[in-house]
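Colleague: what follows is a predicted protein model with its sequence.
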Amino acid sequence: MSHTVPPLKDPSLFIEKCYVNGEWVTAQSGKTFEVHDPATGKLIGTCPEFDAADTQKAIDAAVAAFPKFRTTLARERARMLRRWYQLVVDNADDLATLITWENGKPLADARGEVNYAASFFEWFSEEAPRVYGDTIPATVAGNRVLTLKEPVGVVGLITPWNFPAAMITRKIGPALAAGCTVVAKSPGETPFTANALAELARRAGIPKGVVNIVTAAKNTPEVGEVITTHPEIRKISFTGSTGVGKLLMKQASSTVKKVSWELGGNAPFIVFDDVEDLDAAVAGAIASKFRSSGQTCVCANRIYVQKGIYDEFAKRFAEKVRAFKLGAGFGEGVTHGPVIHSRAIEKVNEHVRDAESKGAKVVVGGNKVPSLGPNFFELTVLTGMTKDMKIASEETFGPVAGLFPFETEEEVVQLANRAEVGLAAYFYSSNVKRIFRVAEALEVGMVGVNTGIISDPASPFGGVKQSGFGREGSKYGIDEYLVVKSVTIGGINPIISRL
Ligand code: SIN
């Protein structure tokens, strides 16, 4: 199956290099890796296969840029981010085209991602000038204690392919707002969106060395190791799987770096039978489950529906899913695209086959669609799910909705909390006491109540348990890039006078 990729309005945003010290460079070995369109398997282009020595140069550039950048006025950094934000908005069509091309998500979704990505620059341009310290009453006579919030230093950022723009802006925005300089490793599957963003950073006047983007595919472990162990890098922010997060955390411990980890999820989505608007619950579950074809860390992975409404919910849910159109992201009327690569499609297939073999019923989809392309899997709905099935305990990261029946609130909260990870959870209920009770009982970092979409630059994003720690976005996101320095001034004797 082929499709037509619309030409970029500004072809100079398609860049097959790395961005180091304000320049577009190749790997010193001359090696490159190929990037393929997940919808067709066709070659999009190549990017430099950086190695440890290339990465060292990017780190050197960020180290050299840091002393000056950390002393720029916060207001000036805010203006830089604002200019970058505006350029992202102005070039949204091209960025969306790049996202769809290399990630596969439909163009409308890609447009949504560009807005989401830009919103982090806007948000943190507003946070930059509002980093306040404190004056703290001392417990020692004659002392005064104050705090300064300072940039942590050079930061290493490692980002995933599922949001080629938004995951990188959610990290670079607060880093620059805080006064840090950056070495970002973009994902091997989707490097071109990150490169276009870097080019826009250049045009926004971000000084050289402040933002550096490195690319690698086969050499990713080597590049990751340099970034996570380098003594001059003071903080790592990583979004990706729990398994890789554990490895990187071990590496980062060698130089005791500050770290924030946004790792895997396995979100429960609960529908209680007191829900007033069942259609709204169906729509919420669909939005949460099938966003980006199920390839977000906060996608519903286990949909629990209370017994009394289970059959009706399943019927309405399946009807909606049947109405979707699967296809290449640029195709007319396409609502859902392919998954990213063959490993992803094999995992999705394995989860469906496992559930089926243990008694689940496939009511919609259930199969690969090779006639559409190499990475297409039908949007799938499974009923009669039970807790011994893989989907109950493993993140599918694909377009498969498993509907689990449950009887009581206590039972479903226990089922929801069985997961080792705890990123997001959702539930629908119209009972205000239950809303508080359940929101407080769920062991996750983010809860959506009567909504299936929680992503918002204003809201703290992050998990608990093996989903990691640290928060992105929101008023807390910048703290991950700051350190608190206390300054104690002694020998201050009060003036005691009578007026
Ligand atoms: C993720 O999948 O890691 C991020 C999803 C989001 O920000 O909504």
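Modeller: Noted; the coordinates are in hand.

Colleague: for stretch 357-366, which outside residues touch it?
Modeller: Where contact means CB atoms under 8 Å, 6 or more residues apart in numbering, the residues beyond stretch 357-366 that reach it are 314, 318, 321-322, 352, 356, 377-386, 388-389, 399-400, 402. All C-beta atoms are positioned from the backbone trio N, CA, C, and that covers glycine.

Colleague: got the end-to-end distance for that stretch?
Modeller: Stretch 357-366 stretches 13 Å from its first residue to its last (CA to CA, to the nearest Å).

Colleague: tell me which residues of that stretch come out buried.
Modeller: Across stretch 357-366, burial judged by 16 or more other CB atoms under 10 Å covers 360, 362, 363, 364, 365, 366.

Colleague: out of the residues you listed, which comes closest to residue 74?
Modeller: residue 365 (50.7 Å; CB to CB).

Colleague: where's residue 10 relative to residue 203, distance?
Modeller: Per CB to CB, to the nearest Å, residue 10 is found 10 Å from residue 203.

Colleague: state the number of residues packed around the closest residue to the ligand within the stretch 1-150 of the chain.
Modeller: Across the stretch 1-150 of the chain, the shortest distance to the ligand (CB to the nearest ligand atom) belongs to residue 116, at 7.1 Å. By other CB atoms under 10 Å, the residues close to residue 116 number 19.

Colleague: now do stretch 416-424: everything it contacts.
Modeller: With contacts defined as CB under 8 Å, 6+ apart, stretch 416-424 is touched by 242, 262-268, 270, 297-298, 302, 304, 387, 392-393, 395, 425, 441-448, 454, 462-468.

Colleague: ok so, going back, I'd like the buried residues of stretch 357-366 as TSV, with distance to residue 188 and secondary structure appended.
Modeller: Shown next, in TSV, are those (distance: CB to CB, whole Å; DSSP: H, G, I helix; E, B strand; the rest coil):
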residue	distance to residue 188	secondary structure
360	34	coil
362	33	strand
363	36	strand
364	33	strand
365	29	coil
366	30	coil
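
Colleague: and of the residues you listed, the nearest to the ligand?
Modeller: When these are ranked by distance to the ligand (CB to the nearest ligand atom), residue 365 comes first, at 22.2 Å.

Colleague: quick one: that closest one and residue 230, what's the gap?
Modeller: The gap separating residue 365 from residue 230 is 46 Å, by CB to CB.

Colleague: what does the stretch 251-400 of the chain have sitting close to the ligand?
Modeller: For the stretch 251-400 of the chain, the contact set with the ligand under CB under 6 Å from any ligand atom comprises 262, 296, 297, 298.

Colleague: residues contacting the third one?
Modeller: Right, the one you point to is residue 297. 162, 239, 262, 263, 264, 265, 395, 423, 424, 467.

Colleague: for stretch 260-275, the distance to its chain's centre please.
Modeller: Mean C-alpha position of stretch 260-275 versus that of the full chain (CA atoms, centre = their mean, to the nearest Å) differs by 16 Å.

Colleague: mind listing the strands for the stretch 301-450 of the chain?
Modeller: Counting by DSSP state E, counting those that start in this stretch, the stretch 301-450 of the chain has strands at residues 361-364, 380-383, 400-406, 421-422, 424-428, 446-449.

Colleague: tell me the mean pLDDT for the fifth one?
Modeller: By that I understand strand 424-428. For strand 424-428, mean pLDDT is 98.

Colleague: is the ligand contacted by that strand?
Modeller: No: between strand 424-428 and the ligand, judged by CB under 6 Å from any ligand atom, nothing touches; the nearest distance is 8.7 Å.

Colleague: circling back: please narrow the residues of the stretch 251-400 of the chain next to the ligand to those residing in strands.
Modeller: Among these, the ones falling in strands (DSSP state E) are residue 262.

Colleague: in JSON lines: the residues of the stretch 251-400 of the chain next to the ligand, plus distance to residue 80 and pLDDT.
Modeller: As requested, those are arranged in JSON lines below (distance: CB to CB, whole Å; pLDDT from 0 to 100):
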{"residue": "262", "distance to residue 80": "25", "pLDDT": "97"}
{"residue": "296", "distance to residue 80": "29", "pLDDT": "98"}
{"residue": "297", "distance to residue 80": "29", "pLDDT": "97"}
{"residue": "298", "distance to residue 80": "30", "pLDDT": "98"}
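
Colleague: so what pLDDT did the residue in the stretch 351-499 of the chain that the ligand sits nearest to get?
Modeller: Closest approach between the stretch 351-499 of the chain and the ligand, counting by CB to the nearest ligand atom: residue 455, at 3.3 Å. At residue 455, the predicted lDDT confidence score is 97.

Colleague: quick check: it is in a helix.
Modeller: No: secondary structure of residue 455 (DSSP: H, G, I helix; E, B strand; the rest coil): coil, not part of a helix.
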